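Peer 1: Predicted coordinates and the sequence they were generated for:
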Amino acid sequence: MSQNTKSLIVQSLIFVKQNPQIIFSLALIILIPTLFFVFSALILNITQKQFDRHLQQNAVSLAKTIETFIGNDISSDLHNQKEIQNKILKLVGASIWLEDIAVFIPRAEQGIFFTIASFNPKAVNKEVRSTDALLAWQTGQTIAVPKKDLKTGVSYWLSSTPLKNDQNKVVGILSIALSRAEIEQVIQKLSFNLYGFSLIFSLILILFVANHARLFQYAVLLMKLRELDQAKDEFISTVSHELRTPLTTIRGYLSLIQEGTLGALNDQLKKGIDIVMLEVKRLYDLVEDLLEVSRIEQGRLSIEKELVVLNDFIKNICDELSIKAKEKSLELKFIDSPERLTLHTDKNRLKQIVVNLIGNSIKYTLSGFIEVGLLKESKDFIAIYVKDTGIGISAPDQEKLFTKFFRVQSEQTAKITGTGLGLWITKKITEALGGKIYLESIKGQGSKFTLLFPFK
Ligand code: ADP
């Protein structure tokens, strides 16, 4: 065995060991087609036997009929022979199965017969050596056996029936050949269909198993992806936690420096510290968002529900944020519902999502106003909406808006900082609270985010 062949075998064995499911697939590919072919052969065999038995019985009963037709006056008398030959010739073409009919009488020596009548007139008066005829002569029974003419390849059933006279003495042998051509044709057709079907089915099966193996690979891949995803979540969670502690300390010290508690600052230093503080806040926000993402993805989002009077609750949030809006010369209006609306929800989480939406409106609105509204949408739903006259979002961007890390890339958004996680978090928390979030927006004209919560 060459080195190459050896290493190929070793590699194949290693591959099979690493992917044991391949053995199952291979077994299916080999076993099922084999079963089909064996089953087909079995059916063919049974059918052929059944046909042959039928033909054999036909040969025997036909012999009886013909025996009556010929009569029992059999002798070597020439006139008698002619009469029998004439009778036999009348039967030519009587049945598609009928290949030949002949009548033999014995010669002096045992085992040698003499044809006195036949479908083939040339065979008349000729000697015949036939063990079947001899056996029928000796036993007095009909002998029917399958035969094949080696020269022509034609196969047939040959029955040898003893012809008896009035004294019940065997005086001749009636030989009938029934053709098997019809049977062979049927069997040939049947085997073509059965083996053809088995072949097609085997091919389909191989395709199916190959596909199944691929599906199996996909499943393994999916499992690996899930593991990787979990590892990534854990990594983000750990790193975010580790980052938050030093960032909190840095923020604390920066605040002290900014306030001048650790010593007076000149204008240049103050400017620099302000920039550093802004960037640290950005970093801190990112870490907070990442921690929130991993909390949501790992199903660790805590929800504690209580009855909240929404009218006061939303108004207070607007009051808190109106300072931020004013800094950008934006008006922040609150349109309250005329009726008192309460919701069984998590106060902190609801505040988080409303603050996020108003915060975004402030961030992405250059001039105009922001309107926050509370209303009863129908008898089943409460709506809280945040509407602005901001930069708006185009239809293609709206489709990707609630996915992780998505930020609209445009000249207007280039200078606005953000993580692209806020809306994803908002959507997930809204859903965790049993609500839904909707967006209507026209690029350049403004946006309207609506939160819908069902009454319980
Ligand atoms: P970011 O931290 O970038 O604000 P968000 O997930 O909150 O992340 O928002 C995703 C993107 O959606 C933003 O980058 C912005 O382009 C767009 N966006 C969100 N809110 C508004 C709004 N009110 N008006 C216009 N664009 C908005």
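Peer 2: Alright, I've got the coordinates. Numbers count the residues shown, from 1 in each chain.
Peer 1: Hmm, Phe455 is touching Ala383, no?
Peer 2: No - applying CB atoms under 8 Å as the test, Phe455 and Ala383 come out as separate, 11.5 Å apart. Yep, even glycine has a C-beta here, placed from its N, CA and C like the rest.
Peer 1: In terms of packing, which of those two has more residues around it?
Peer 2: Remark: of Phe455 and Ala383, Ala383 carries more neighbours, 18 against 14, as counted by other CB atoms under 10 Å.
Peer 1: Checking the closest residue to the ligand within the stretch 101-250 of the chain next. Helix, strand or coil?
Peer 2: Proximity of the stretch 101-250 of the chain to the ligand (CB to the nearest ligand atom) peaks at Ser240, 15.9 Å away. Classification of Ser240 by DSSP: H, G, I helix; E, B strand; the rest coil places it in helix.
Peer 1: Check it and give its pLDDT.
Peer 2: On pLDDT, Ser240 comes in at 90.
Peer 1: And for the one 4 residues further on?
Peer 2: According to the per-residue confidence, Arg244 scores 91 in pLDDT.
Peer 1: now the helices: where do they sit in the stretch 351-456 of the chain?
Peer 2: 395-400, 411-414, 422-432 (DSSP state H, counting those that start in this stretch).
Peer 1: Make TSV out of these and add mean neighbour count and distance to the ligand.
Peer 2: As requested, the helices of the stretch 351-456 of the chain are arranged in TSV below (neighbours: other CB atoms under 10 Å; distance: least, CB to the nearest ligand atom, whole Å):
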stretch	mean neighbour count	distance to the ligand
helix 395-400	12	7
helix 411-414	11	5
helix 422-432	20	3
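Peer 1: any idea which of those scores lowest on pLDDT?
Peer 2: Of all the helices of the stretch 351-456 of the chain, helix 411-414 has the smallest average pLDDT, which comes to a mean of 90.
Peer 1: so where do the helices sit in the protein?
Peer 2: Residue ranges of the helices in the chain, as given by DSSP state H, are 3-18, 21-70, 78-89, 131-139, 181-259, 267-297, 310-327, 347-363, 395-400, 411-414, 422-432.
Peer 1: need those in TSV with distance to Lys376, can you?
Peer 2: Output for the helices of the chain, formatted as TSV (distance: least, CB to CB, whole Å):
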stretch	distance to Lys376
helix 3-18	62
helix 21-70	58
helix 78-89	108
helix 131-139	105
helix 181-259	39
helix 267-297	29
helix 310-327	10
helix 347-363	17
helix 395-400	27
helix 411-414	35
helix 422-432	18
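Peer 1: Looking at those, which is nearest to Trp157?
Peer 2: helix 21-70 (4.9 Å; CB to CB).
Peer 1: Distance from the closest one to the middle of the chain?
Peer 2: From the chain centre to the centre of helix 21-70 is a distance of 37 Å (CA atoms, centre = their mean, to the nearest Å).
Peer 1: Below-threshold pLDDT in the stretch 1-150 of the chain: ranges please.
Peer 2: Applying pLDDT under 70 to the stretch 1-150 of the chain flags the ranges 1-4, 7-8, 15-16, 21, 72, 75-76, 108-109.
Peer 1: Which one of the helices of the stretch 351-456 of the chain lies nearest to Gln230?
Peer 2: Comparing those by CB to CB, helix 422-432 comes nearest, at 17.7 Å.
Peer 1: what residues does that closest one touch?
Peer 2: When contacts are defined by CB atoms under 8 Å, 6 or more residues apart in numbering, helix 422-432 is touched by residues 289, 292-293, 296, 301, 303, 349, 352-353, 356-357, 359-360, 401-406, 436-437, 451.
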